[in-house]
Structure formats: C-alpha cells, structure tokens
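1. I'll drop the sequence and a predicted model, then ask my questions.
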Amino acid sequence: MPASAAAADAGVLWLAALQRALGRAAHDVKDALNGVSVNLEVVRSRAARADAPASAVAPFANAAAQQLDRLTGLLDAVLALGRSEREPADVGITLRRVAALCSASSAATDARVLVRDAAVGDAHTRVSGDVLRLALVAPLLEAVVGRSGEPRGHVECELANEADAIVVRLHAGRPVPMPPEVAEPLRAAGVTWSESADELSLVFPRA
C-alpha cells in the first residue's frame, strides 16, 4: 500500500475509532456533570441556612470538586484528540490522552486504562498523528470493551525507549490483539508490533 493511501486510510479509521470512543465517553461526561450539579445544589441549599456549619457542606463541595476534576481531565483529552496533532507527535502525551478517553465510562466497575509513569526522554515519532492515535486507540478499545461493549478488564501501558524507536507495551494479563481492519494501514505507515499471551508491544519509529 502506498504511503499516501495508508495515511488516508488511517485518517478514516481514526475518525471511526474516535467516534466509538466518544460514544462511551458521552456517558461519563453526563455522569460527571450530573455529579457536579447535584452536589453544588446541596452546597447551595445548606449554605443558605444561617446556622449551617461548614462541616455540613464540606463533603458535598469535595465531591463536586472531584467530579469536576474528572470532567476536566476527560474534556481536555477529548478536545486535544479532536484537533489536528502537532507533528512530530509525542507518543507519551498522545498515550495519556488516549488512555483518558478509552477509560471513560459511567460505570465505576468498567475497565480502565492506566499509564505507568516513566521518564523516556524524547518520545517524538515520525508517523503521523492520525496513525499514532489509531495505533493506540484501536487495540485499547478492543482490550477494555471489545466489540460487544462489555468490560474486559484493566490495561496498563508502559513507555520505553529503544535505540531508534519508542515502544508502548499494553499489559492486560490476556491477549491484546491488533484489530485486523487497521493492521495494513498501520504497517504501511511504519508502525510495527508484536503480540504475546498477555500484552501487545507497539513500536513507533523515532522522529
């Protein structure tokens, strides 16, 4: 597949993957907004009483602040992923945004994507922003919810530096396959990977 065709296909596939992820995230956004609204209403009503102690509103104010932090983090990721990626793209920054989006769900018991902090230095890749995002989102969505939408379990992500590449390992304690429909455009764009019984290792060429 020519590089231009691979890039075009990756762009189309990335938009489809983004729509799928946003469909899940919409529930989380509404849930967080409702949490902020309900807790602030309790704070407002209790604070209006002349004899109300601070202790009567503090738990609800704290709960509203936690929900707002959750909402802010998710919306930051959504807005960043909705814009064109500045290139060369940073694998670490993009991974954290993708993890926030793929973790979004209204159910606290749903699968989560955790990013292990690691100092990897320069993590810029020469693959396009759409290719990078697709390579991360496609297998992560499969790992946390699959095609059925049912939660499968948590995934832990780890970045590592190699001589001429940045590696992202997706640990799940179970196979994390690359969806077949995205495999050819990703390979043509320069992304490689290996699958094992409990993880997927993605290799992005360094910029």
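-> The structure has been received and is ready for your questions.
2. show me the contacts for the closest residue to Gly92 other than its chain neighbours.
-> Spatial nearest neighbour of Gly92, excluding adjacent residues (Cβ to Cβ, 6 or more residues apart in numbering): Ala123 at 4.4 Å. (C-beta placed from N, C-alpha, C; glycine too.) Counting by Cβ atoms under 8 Å, 6 or more residues apart in numbering, Ala123 touches 90-93, 159, 161, 166.
3. report the buried members of these.
-> 90-92, 159, 166 (16 or more other Cβ atoms under 10 Å).
4. closest one to Arg206 out of those, please.
-> Ile166 (6.3 Å; Cβ to Cβ).
5. so the closest one, which state does it fall into?
-> Using DSSP: H, G, I helix; E, B strand; the rest coil, the structure places Ile166 in strand.
6. so it sits right up against Gly121, yeah?
-> No. Using Cβ atoms under 8 Å, Ile166 makes no contact with Gly121, being 9.6 Å away.
7. so how far is the helix ranked longest in the chain off the chain centroid?
-> When the chain is parsed with DSSP state H, its longest helix is helix 3-47. Between the centre of helix 3-47 and the centre of its chain there are 11 Å (Cα atoms, centre = their mean, to the nearest Å).
8. give the contact list for the residue nearest to Ala47 when sequence neighbours are not counted.
-> The shortest distance from Ala47 to any non-neighbouring residue, by Cβ to Cβ, 6+ apart, is to Val57 (5.4 Å). If you count contacts by Cβ under 8 Å, 6+ apart, Val57 has them with 42-43, 46-47.
9. how near is Val57 to Val36?
-> Separation of Val57 from Val36 (Cβ to Cβ, to the nearest Å) stands at 14 Å.
10. helix or strand: which one has Arg187?
-> Element membership of Arg187 [criterion: DSSP states H and E] is helix 180-188.
11. buried ones in that helix?
-> So for helix 180-188, counting by 16+ other Cβ under 10 Å, buried means 182, 185-186, 188.
12. what helices or strands is the helix or strand just after it leaning on?
-> Next helix or strand after helix 180-188 toward the C-terminus (DSSP H and E): strand 192-195. Applying 3 or more Cβ pairs under 8 Å, 6 or more residues apart in numbering; DSSP states H and E, one finds that strand 192-195 contacts strand 199-205.
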